[in-house]
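1. what follows is a protein structure lacking sequence information:
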C-alpha cells in the first residue's frame, strides 16, 4: 500500500537562515518562493509557484524561473521530473528530506510518499561495491485513488 507523505503547513524552516547558509541574499521574492514551496503539500511547477506568489505581489515570470534555477543549482530546491509534464520543484532542506513520488498516469497528480533512507535503498539495489550513491530518484507510476473511483 502507498501512503502519501504530507508536510505540515508550518514546516519548521527558517527561510532567511536557509538562504544565508547557501550564500544567497534574502529578498522578498526569494522568501516568497520558499514560503510557497514550504506550504505546499506536493512539488509545484514554476507556473503554480508564479500564480501563488502573484496573489499577494507583482512578480515577473523570468524572475521566478531564474530563482528556481539558482536555488536548484545551489541545493536549496530539488527538481522533480515527471513523465511528459512540467518540471516541478520542492524544498531540499533538512525539514524536507528526499522521498519517492507517485504519479498518476491518468490525471498527472504527483504525490509525495514517505521518505526512505538513501542508504537503505542503495543496499536493496545492491549497487556495485565501491560506488557511493549521493542521490536516488524514485517515481512510481500508476492510477491514483481518485481516478480509480476510490476517493
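-> Structure received. Treat the numbers as computed from the prediction; the structure is a model and nothing was measured. Numbering: from 1, shown residues only.

2. below-threshold pLDDT in the chain: ranges please.
-> 1-11, 84-85, 118, 122, 127, 151 (pLDDT under 70).

3. what's the local residue count around residue 25?
-> 7 (other C-beta atoms under 10 Å). Glycine gets a C-beta too; all of them are placed from N, C-alpha and C.

4. what sits up against the strand or helix carrying residue 70?
-> Assigned by DSSP states H and E, residue 70 belongs to helix 61-74. Residues from elsewhere that reach helix 61-74 (C-beta atoms under 8 Å, 6 or more residues apart in numbering): 22-24, 29-30, 33, 46, 49-50, 53, 77-79, 89.

5. filter the residues you listed to the buried ones?
-> For these, a burial check counting by 16 or more other C-beta atoms under 10 Å picks out 24, 30, 33, 46, 49-50, 53, 77-78, 89.

6. any figure for the gap between the residue most central in space within the chain and residue 13?
-> Centroid-nearest residue in the chain, with C-alpha atoms, centre = their mean: residue 90, separated by 2.0 Å. To residue 13, residue 90 is 12 Å away according to C-beta to C-beta, to the nearest Å.
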